[in-house]
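K.L.:
Below are the sequence and a predicted model for it; my questions follow.
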Amino acid sequence: AGGIYAVLEAMRRHPQEAKVQHQGCRALASLAVNNDNNKVSIAAVGGISAVLEAMRRNAQEVKVQHQGCRALANLAFNNDNNSVSIATAAGTSAVAAAMRQHPQDLNLQHHGREALSILARYSNND
């Protein structure tokens, strides 16, 4: 879990640095893919809110939005607790906003659709 803490600390220390936020979301997405323990650990130490905050602060930055959508999808996949947490924290709206803001980015659109399909059953029109 040391890598998770390091990533989140960098994201917290540099909230206005789009490159740090992009790489932080990318790292969290990679750590969460096919790793149930990391999904739980990332959520437990504030990773979901860090991704959503990165997306909120960097709405114009397509790379942050793409990796944010990817991270949320990976964190939610096969994890009901994370899915509920993301949906409750307006994650569905954040993903939809990213997709609207950057319709030309096919990777973002792919990961956005993936996240929305997972989160749809947990969302109450946040």
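P.N.:
That came in fine, so what should we check first? Residues are numbered from 1 along each chain as shown.
K.L.:
Skipping its backbone neighbours, what lies nearest residue 3 in space?
P.N.:
In space, and not counting its chain neighbours, residue 3 is closest to residue 31: 6.7 Å by CB to CB, 6 or more residues apart in numbering. Where C-beta positions appear, they are placed from N, C-alpha and C, glycine not excepted.
K.L.:
Quick check: what element follows the helix or strand the one you found falls within along the chain?
P.N.:
Using DSSP states H and E, residue 31 sits in helix 18-32. Counting by DSSP H and E, the element after helix 18-32 in chain order, helix or strand, is helix 36-44.
K.L.:
Identify the residues contacting the nearest residue to residue 94 once chain neighbours are set aside.
P.N.:
What sits nearest to residue 94 in space, not counting adjacent residues and going by CB to CB, 6+ apart, is residue 55, at 5.0 Å. Applying CB atoms under 8 Å, 6 or more residues apart in numbering to residue 55 gives the contacts 25, 64-65, 68, 94, 97-98.
K.L.:
coming back round to it: quick check: the gap between the residue nearest to residue 3 and residue 8.
P.N.:
Plainly put, residue 31 is 11 Å away from residue 8 if you go by CB to CB, to the nearest Å.
K.L.:
And for residue 87?
P.N.:
21 Å.
K.L.:
buried stuff in stretch 46-59?
P.N.:
47-48, 50-55, 58 (16 or more other CB atoms under 10 Å).
K.L.:
for this structure, which spans come out with low pLDDT?
P.N.:
1, 123-126 (pLDDT under 70).
K.L.:
What are the boundaries of the strands in it?
P.N.:
Remark: no strands are assigned in the chain by DSSP state E.
K.L.:
Give the burial count for residue 113, as a bare number.
P.N.:
Per other CB atoms under 10 Å, the neighbour tally for residue 113 reads 14.
K.L.:
check contacts around the nearest residue to it once chain neighbours are set aside.
P.N.:
In this structure, residue 113 finds its nearest non-sequential neighbour in residue 99, 7.8 Å apart by CB to CB, 6+ apart. Neighbouring residues of residue 99 by CB under 8 Å, 6+ apart: 69, 108-109, 112-113, 116.
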